[in-house]
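Novice: sequence first, predicted coordinates after that:
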Amino acid sequence: MKASPHRAAPCGAQPPGSSMNAIPPFAHLCEPAASLEDGHGRTVRYIRLSVTDRCNLRCTYCRSGMETFIPHESVLRYEEMEQLVDMAMDMGVEKVRLTGGEPFARKGFADFLERLRAAHPALDIRVTTNGTLIGPHIQTLKAIGLNAVNLSLDTFDRDKFEQITGRDLFGKVRENMDALLDAGIPFKLNAVALRGFNDDELPAFIDYAMRHPIDVRFIEFMPMGEGTRWSDSCFWSAPDILDAVKGLVAVAPVEQEQRNGGPARLYTLSGPDGPGLGRLGLISPLSSHFCTSCNRLRITSDGALRTCLFDDREYRLRNALRHPKLGIEAVRRIVTLATRDKPIGARLLERRHNAVAQRRMTAIGG
Ligand SMILES: Nc1nc2c(ncn2[C@@H]2O[C@H](COP(=O)(O)OP(=O)(O)OP(=O)(O)O)[C@@H](O)[C@H]2O)c(=O)[nH]1
Ligand SMILES: C[S@@+](CC[C@H](N)C(=O)[O-])C[C@H]1O[C@@H](n2cnc3c(N)ncnc32)[C@H](O)[C@@H]1O
Ligand code: SF4
Ligand code: SF4
């Protein structure tokens, strides 16, 4: 059984791929909300906006072989994304993460970030990137005061990097990590935890965290997208990672209130020569979910709202945004109503048979 298309779809939600026009019938019926509350008492403060589904890498856990891309005319224009961010901020959103696909693979991305910062000096703006194309933009990111970068790197071995991403770009990523550090741009390192692939490299990851003021975070491999290569044998759980780290250095949990509402459980590290400069983070959507404190919505690059990573119900904001008689006010109402129906994603995970959601991570943005 597929995760969600068979469930009731209130608020005009449609599974991806549906060709129906999604201008919802309720667009004129309810008043917009000042802050975004869901039906489980959670408040949305964070939007993840995917600027493209295209990517220069081919990470085996993220992309499947047979791929079609969103046609250009369906991808939101930057001005449309700016409109959505303005609206989200009106509704109480404080943090926007730009992701992809690879955000720096889209032309004009750094200019877009500049405009976003100029329009919203106090907004917390972050980027999740594979780190291969960010180099030429680092000074711009510094100049606009980008709040942080999350950089994905699954291995410290050049050959394994090529094996997992399909590209020989490990050296470029390492160079860009050093350049980010030199520029004083905070970044977090994200590695998907893959038993049989990077479990033997735990000492290298911990060594990096000890020597740099960086959160090194392991993400449990999630069964996402049709054709997912997820299996029990390659799943490396957060508790197992923590046990293994304890064999290398001493760890101590960071208090909840210092975690900034993020999904990672953080730990300070301490070795024979003293405390580490960086920390360990564990993101455990499978072994210990964090859905009860979830504060985020996602918007795909073709303008579909997903209220949960694991839920394939999508609310087509683009149609309303581009409609001459509807526009941003209709979008605001759709977002308000859809958010009320935001699920607890872990329950969808429990009910899954294979992948928890059909859309690929490149399209959703992680
Ligand atoms: N299940 C689940 N996974 C998430 C969620 N948010 C982020 N992740 C996963 O965690 C990994 C890291 O995400 P990032 O893009 O670095 O964002 P983040 O962890 O929210 O970052 P911070 O804002 O720095 O805490 C990605 O693989 C995401 O798919 C979430 O709400 N639910
Ligand atoms: C989809 S990528 C998009 C941004 C950028 N291309 C990057 O790699 O950082 C966002 C994050 O999702 C993670 N990711 C992709 N597929 C995943 C999966 N099946 N399980 C867990 N994390 C995954 C990636 O490792 C990356 O950290
Ligand atoms: S979107 Fe990110 S995780 Fe997916 S293939 Fe590209 S670089 Fe890899
Ligand atoms: S699975 Fe869904 S509800 Fe749970 S934390 Fe992720 S996005 Fe939020």
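Specialist: On my side now, so go ahead. Quick caveat, the model's predicted, so the values are computed rather than measured. Ligands and ions are numbered 1, 2, ... in the order given.
Novice: residue in the stretch 201-350 of the chain nearest to ligand 4?
Specialist: G345 (2.3 Å; CB to the nearest ligand atom). Every residue, glycine included, has its C-beta placed from N, CA and C.
Novice: just the pLDDT at that residue, thanks.
Specialist: pLDDT, G345: 97.
Novice: number of nearby residues for the closest residue to it other than its chain neighbours?
Specialist: Nearest non-adjacent residue to G345, counting by CB to CB, 6 or more residues apart in numbering: F310, 3.9 Å away. Counted by other CB atoms under 10 Å, the residues lying close to F310 total 26.
Novice: cool, R117 as well?
Specialist: Number of residues near R117 (other CB under 10 Å) recorded here: 19.
Novice: the helix or strand where it lies packs against which elements?
Specialist: Counting by DSSP states H and E, the element that carries R117 is helix 109-119. Contacts of helix 109-119 with other secondary structure elements, assessed using 3 or more CB pairs under 8 Å, 6 or more residues apart in numbering; DSSP states H and E, are made with helix 78-90, strand 95-99, strand 124-129, helix 138-144.
Novice: go with 7 Å
Specialist: With contacts defined as 3 or more CB pairs under 7 Å, 6 or more residues apart in numbering; DSSP states H and E, the packing partners of helix 109-119 are helix 78-90, strand 124-129, helix 138-144.
Novice: I'd like the mean pLDDT over that helix, please.
Specialist: In the prediction, helix 109-119 has an average pLDDT of 98.
Novice: buried residues, that helix. List them.
Specialist: Judged by neighbour count (16 or more other CB atoms under 10 Å), helix 109-119 contains these buried residues: 109-110, 112-114, 116-117.
Novice: can you list these in CSV and add distance to ligand 3?
Specialist: Below are the buried residues of helix 109-119 laid out as CSV (distance: CB to the nearest ligand atom, whole Å):
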residue, distance to ligand 3
F109, 14
A110, 18
F112, 18
L113, 18
E114, 23
L116, 21
R117, 23
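Novice: C-alpha coordinates for the helix holding R117, PDB please?
Specialist: Extracted in PDB, the C-alpha atoms of helix 109-119 (Å, rounded to 0.1, in the frame of the first residue of the first chain):
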ATOM      1  CA  PHE A 109      20.400  31.400  -6.700                       C
ATOM      2  CA  ALA A 110      23.000  33.700  -4.900                       C
ATOM      3  CA  ASP A 111      21.200  36.800  -6.400                       C
ATOM      4  CA  PHE A 112      18.000  35.400  -5.000                       C
ATOM      5  CA  LEU A 113      19.500  35.100  -1.600                       C
ATOM      6  CA  GLU A 114      20.800  38.600  -1.800                       C
ATOM      7  CA  ARG A 115      17.300  39.900  -2.600                       C
ATOM      8  CA  LEU A 116      15.700  37.800   0.200                       C
ATOM      9  CA  ARG A 117      18.200  39.200   2.700                       C
ATOM     10  CA  ALA A 118      17.600  42.800   1.500                       C
ATOM     11  CA  ALA A 119      13.900  42.400   1.900                       C
END
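Novice: residues contacting it, please?
Specialist: When contacts are taken as CB atoms under 7 Å, 6 or more residues apart in numbering, the neighbours of helix 109-119 outside the stretch itself are 51, 78, 82, 85, 103, 125, 137, 140, 144-146.
Novice: how does it look with 10 Å?
Specialist: 49, 51-52, 77-79, 81-82, 85-86, 89, 96, 98, 100, 102-104, 106, 108, 123, 125, 127, 129, 133-134, 136-141, 143-147 (CB atoms under 10 Å, 6 or more residues apart in numbering).
Novice: sorry, back to before: how much space between the residue of the stretch 201-350 of the chain closest to ligand 4 and Y78?
Specialist: With distances defined as CB to CB, to the nearest Å, the gap from G345 to Y78 amounts to 29 Å.
Novice: more neighbours: those two, which one.
Specialist: Relative neighbour count places G345 above the other of G345 and Y78, with 22 against 18, counting by other CB under 10 Å.
Novice: list the contacts of that one.
Specialist: Taking CB under 10 Å, 6+ apart as the definition, contacts of G345 comprise 3, 222, 285, 289-291, 294, 307-311, 356-357.
Novice: sorry, back to before: quick check, nearest of the buried residues of helix 109-119 to E201?
Specialist: Closest approach between those and E201, by CB to CB: F109, at 30.3 Å.
Novice: what's the separation between the closest one and S270?
Specialist: As judged by CB to CB, F109 and S270 stand 39 Å apart.
Novice: can you check N130 too?
Specialist: For N130, the distance to S270 under the criterion CB to CB works out to 31 Å.
Novice: who has more neighbours out of those two?
Specialist: N130 (28 against 14).
Novice: all good on my end, thank you.
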